[in-house]
Structures are given as structure tokens and as C-alpha cells.
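S.K.: how would this look folded up:
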Amino acid sequence: MENSVLKKTVKSLSSGKHLLSLTHNVSNRVSRGVEVDIATMQTVGDAIRAIRLGQGLEQEDLATDGIPVQVIDLIEKNLCWPPQEWLNHFAQVFGLPVFSSQTSNQSMYHAAQLLCDEGLKCNERGDQPNAADMLMKAYDMIMAYQFYDLLPQSVPTLLQVLSLSGRGEDAVRVGMHAVTCMPPGFCQARRDVLIRTGAAMMGINDFARAIDLFDEVLNEPTTDSVTAIKMLLNSGTCYMNMGEFEQARHLYGQALEIADELQEPFWLAWTYINLAAVELEQYQAVPAILPYLDRAEQLAIEMDNVAVYAAAVHDRGAYYLYAGKLGLAQRLIENAVEYLGEESASAAYILDDLAHVYILRGFWRKADETIARMMKIADEIHAVRVRALAHRRQMQKSARMGKHDDAEKYFLQAMDGFLQARHAFDARRTLELWQKLQRPCAAFGE
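M.R.: This is a model prediction of the structure:
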């Protein structure tokens with residue numbers, strides 16, 4: 001394992017030795033005829049490593065979905081103390097009677113702390129899956145032994161890596177449980193957990209419950225102005241995804257008032273972009289959005305912020321797409337993809353509009369390549385909605401090419417994906433598009 005822990009930390013834990021015993025009288029002869037003197041083993045980790053090596057097993061042979069190899073490594077280094085259910089599993093693998101252990105509460109606390117530290121290090125290296133496994137083990141130990149003072153340092157990052165690893169449902173479950181156990185005096189940590197749990201709910205398209213959490217943060221007396229802007233934008237986006245445009249517009253307007261008062265360019269720019277987006281979703285080609293995008297692009301250039309600029313250029317391209325100026329729309333949306341320069345959910349939504357342009361222009365190969373990129377992103381970020389969007393474009397392309405059986409197949413796949421993702425608004429839009437595509441002459445902008 002690449003992770004290393006300071007020797008002094010190991011030494012400090014040695015005082016809480018985790019003694020190993022067997023519940024039955026057995027000889028020191030381990031199965032497969034290898035001699036191991038268990039009596040000389042000071043800790044469970046020592047014994048497990050000795051028996052494993054004596055039987056010619058790898059750490060992977062002890063690992064399960066719930067006990068990753070990284071945790072096995074920590075156990076053998078005496079940096080993590082396994083609960084009884086894990087010891088039962090190890091005994092079964094070794095073909096030995098059941099292990100039992102005696103561990104002090106202080107040692108368990110240190111073990112939970114070390115798992116937190118290892119998980120945070122994995123996250124810093126960009127290893128989100130292992131970070132999620134480590135921090136989830138730490139969280140289980142924290143909750144089992146009520147080490148609630150460790151929640152503030154571990155849970156916000158745990159929620160983030162669970163969401164990034166495609167485990168949004170787990171993130172919501174952990175967040176809702178953790179916020180009820182957060183010790184008094186950790187107001188900022190509790191707020192972070194509420195916000196990240198709300199973000200996880202947005203990630204699984206549970207918009208109504210996300211709004212409730214964002215409202216709770218917004219109504220806290222200690223919430224600062226920048227956090228208030230974030231909550232208003234988040235809630236507005238939830239309403240927009242639910243098709244409730246007036247409520248979204250109202251919240252974006254409130255965010256604009258605060259951002260304008262603060263003269264905070266970053267949040268001003270994003271608020272302008274969101275105001276443009278809600279107009280595009282509801283009215284499509286409305287010239288009133290252009291001043292919003294002009295201001296957002298100007299602020300992005302002043303800040304030298306590529307992400308903001310890419311979002312503004314994308315919305316401008318979407319405006320010209322709906323206005324029927326497909327050449328200009330294509331150039332702008334292609335530029336937005338290039339500016340963003342990453343394969344993310346944000347990129348997938350831009351690619352969705354780009355595939356739309358290619359289909360309307362009859363550029364079938366480019367449409368196929370763009371849809372394939374959307375599919376790849378969907379797989380990488382575990383995004384059911386992005387895959388459903390890709391199927392919707394396949395449906396549209398097949399219908400325009402006269403391949404009606406394929407179009408119907410993709411329609412059903414898209415609808416299934418949106419329903420699985422609990423995105424009713426996208427499902428409704430897909431059904432509307434499907435009905436239009438069945439007409440003898442579909443409208444130009446479809």
C-alpha cells in the first residue's frame with residue numbers, strides 16, 4: 001500500500017495492544033501444515049499477517065466488498081482494529097476457530113482517527129474510490145462507538161467522495177444520519193453537511209428534499225451572504241429542473257440582489273448565467289437573455305475564469321440554436337466544449353446541445369462521436385441522467401434518418417433512464433419531443 005503512517009503513531013498505538021485469543025483449544029499448527037506460533041503474536045494484526053503468509057495467501061484473499069485490501073493492510077500494520085464480524089470472516093478464510101478480541105475504547109478511537117486520516121489522504125491524491133472506502137469504514141466505526149467529535153473532520157469529505165464515486169444514495173443516507181448526531185458547537189460543520197447532503201440529493205435528482213436542506217441553511221441566523229447566494233442558486237436550479245420556472249427566476253433574482261450588493265464578481269457571473277438558463281429553458285430564443293450573457297462573459301474575462309466563460313458561451317450558443325442560427329450555434333457550443341476542457345457532467349450537458357446541432361444539420365458522424373463522448377462521461381461519473389440524454393439524442397437522430405424502429409428503442413431507453421434517475425421534467429420533455437418526431441414534418445428546431 002502506498003500510504004505510510006509515521007512510526008511514532010504506530011508506537012503510540014502499541015500501548016493499546018489488541019490481544020488475540022481463540023475460542024477453542026487448537027494447536028499452533030495452522031492449516032496447510034505451516035507452523036505459526038500464535039502465542040508470540042502481540043496483536044490481531046500480527047497474527048492475521050502471520051497466518052496469511054503461512055497459508056500462502058494474499059491480502060486480496062481476505063478482502064471482500066465491505067473490507068477492501070487497503071483496510072486489510074492497515075489491520076496487518078496494527079493501524080486498524082477489526083470488529084468481531086471481520087474476525088469471524090478471517091477465521092472462516094483461514095479454516096480456524098473463531099477469533100475473539102479485546103480492545104480498549106481509546107484504541108478504537110485511534111483506529112477511527114487513522115482511517116479518517118488515510119481517507120483524507122486518498123482524497124488529496126485524487127483517489128476518490130479508496131477515499132470513499134476508508135472514510136466509510138471510519139464513519140461506521142464512529143457511529144458504532146459514538147465518536148461523534150470525529151464527524152466534522154470526516155463526513156463533509158465522505159459525502160463529496162461518495163457522490164463523485166457514483167454513490168449518491170449512500171451520501172444522502174450518511175448525511176441525513178450524521179447531521180442528527182453532530183455534536184453541539186460544530187455549527188459550520190453541520191452547515192457543510194447539510195449543503196453537501198443537499199448537493200448529493202441534487203445529484204440523484206431528489207430536488208424537493210434538496211430544497212428543504214438548502215432552505216434550512218438559508219434560514220440559519222449565522223449564514224453569511226455568500227452562502228446565502230449559493231443556497232438561492234442551488235434551490236433555483238432545483239426548481240428549474242422540476243420545471244417550476246417562476247420560482248427559479250424569483251430565487252435567482254434574490255441571489256442577484258445580494259451578489260450585486262457585495263459586488264462579488266464570481267457569484268454575479270453565475271447568477272447572470274442562471275438567469276439566462278431559466279429563460280432558455282422556458283422560452284428558448286428570447287433576446288432578453290443576451291444582456292445577462294454579455295455581463296457574465298465580461299466578468300469571466302475580468303476574473304480570467306474559464307469555467308464561467310465556457311458556461312456563458314454555451315448559453316449563447318443554445319440561444320442561437322433555438323433561434324435557428326445553427327452555424328453560429330455550432331461554433332459557439334464547440335468553443336464552449338474546448339474552453340471547459342474536461343469530461344464532466346457540465347461537459348456532458350454542453351455536448352448534449354452540440355449533438356442537437358449536429359443532428360439538425362445532418363452531420364451524422366459528428367453526432368455519433370458527440371453522443372459517444374456523452375456515454376463515456378456517463379460511465380465515468382455513474383450518471384444515469386447523462387446516459388438518458390445520450391439516448392434521447394440517439395432517438396432524435398434515428399427518427400430524422402427515418403430509422404423508426406431504432407428511434408423507438410432509444411425513446412424507451414431514454415424514458416427508462418429519466419424515470420430511473422427520477423427526473424420527471426426530462427421525461428416529460430422527451431415524451432414531447434417523441435410526439436413531435438412522429439409528425440410527418442417535424443418543426444425545424446426539434
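S.K.: which stretches of the stretch 201-350 of the chain form helices?
M.R.: 207-218, 225-241, 245-262, 265-283, 289-303, 306-322, 326-340, 345-361 (DSSP state H, counting those that start in this stretch).
S.K.: mind listing the strands in the chain by residue range?
M.R.: Remark: strands assigned in the chain by DSSP state E are 19-22, 29-30, 34-35, 99-102.
S.K.: show me how this structure divides into domains.
M.R.: 1-103, 105-204, 350-446 (automatic domain parsing).
S.K.: least confident secondary structure element in this protein?
M.R.: Here the helix or strand of the chain ranked lowest by mean pLDDT, DSSP states H and E is helix 7-13, holding a mean of 31.
S.K.: who touches stretch 231-241?
M.R.: Contact partners of stretch 231-241, identified using CB atoms under 8 Å, 6 or more residues apart in numbering, comprise 195, 198-199, 202, 205, 207-208, 210-211, 214-215, 217-218, 223, 245, 247-252, 254-255, 258, 267, 270-271, 274, 277-278, 281, 423, 425. From N, CA and C alone the C-beta is placed, and that goes for glycine too.
S.K.: residue contacts, the residue nearest the centre of the chain?
M.R.: Centroid check for the chain by CA atoms, centre = their mean gives residue 163 as the closest residue, at 2.1 Å. Each residue near residue 163 by CB under 8 Å, 6+ apart is listed here: 171, 196, 199-200, 203.
S.K.: try it again with 10 Å
M.R.: 128, 132, 169-172, 175, 196-197, 199-204, 381-382 (CB atoms under 10 Å, 6 or more residues apart in numbering).
S.K.: before we move on, back to that, ok, of the contacts of stretch 231-241, which come out buried?
M.R.: Buried residues within the contacts of stretch 231-241, counting neighbours by 16 or more other CB atoms under 10 Å: 195, 198-199, 202, 205, 207, 210-211, 214, 217-218, 223, 245, 247-252, 254-255, 258, 267, 270-271, 274, 277-278, 281, 423, 425.
S.K.: just to revisit the earlier point, out of the helices of the stretch 201-350 of the chain, nearest to residue 56?
M.R.: helix 345-361 (45.3 Å; CB to CB).
S.K.: avg pLDDT for the closest one?
M.R.: Averaging pLDDT along helix 345-361 yields 95.
S.K.: buried sites along it?
M.R.: For helix 345-361, by 16+ other CB under 10 Å, it's 346-360.
S.K.: ok, stretch 237-248 next?
M.R.: Neighbour count says stretch 237-248 has 237-242, 244-245, 247-248 buried, by 16+ other CB under 10 Å.
S.K.: now swap in stretch 315-331 and tell me
M.R.: In stretch 315-331, counting by 16+ other CB under 10 Å, buried: 315-322, 326, 328-330.
S.K.: could you dump these to a markdown table with pLDDT and distance to residue 181?
M.R.: Listed next are the buried residues of stretch 315-331 as a markdown table, based on pLDDT from 0 to 100; distance: CB to CB, whole Å:
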| residue | pLDDT | distance to residue 181 |
| --- | --- | --- |
| 315 | 96 | 41 |
| 316 | 96 | 46 |
| 317 | 97 | 46 |
| 318 | 96 | 44 |
| 319 | 96 | 47 |
| 320 | 96 | 51 |
| 321 | 95 | 48 |
| 322 | 93 | 48 |
| 326 | 96 | 54 |
| 328 | 97 | 54 |
| 329 | 97 | 50 |
| 330 | 97 | 52 |
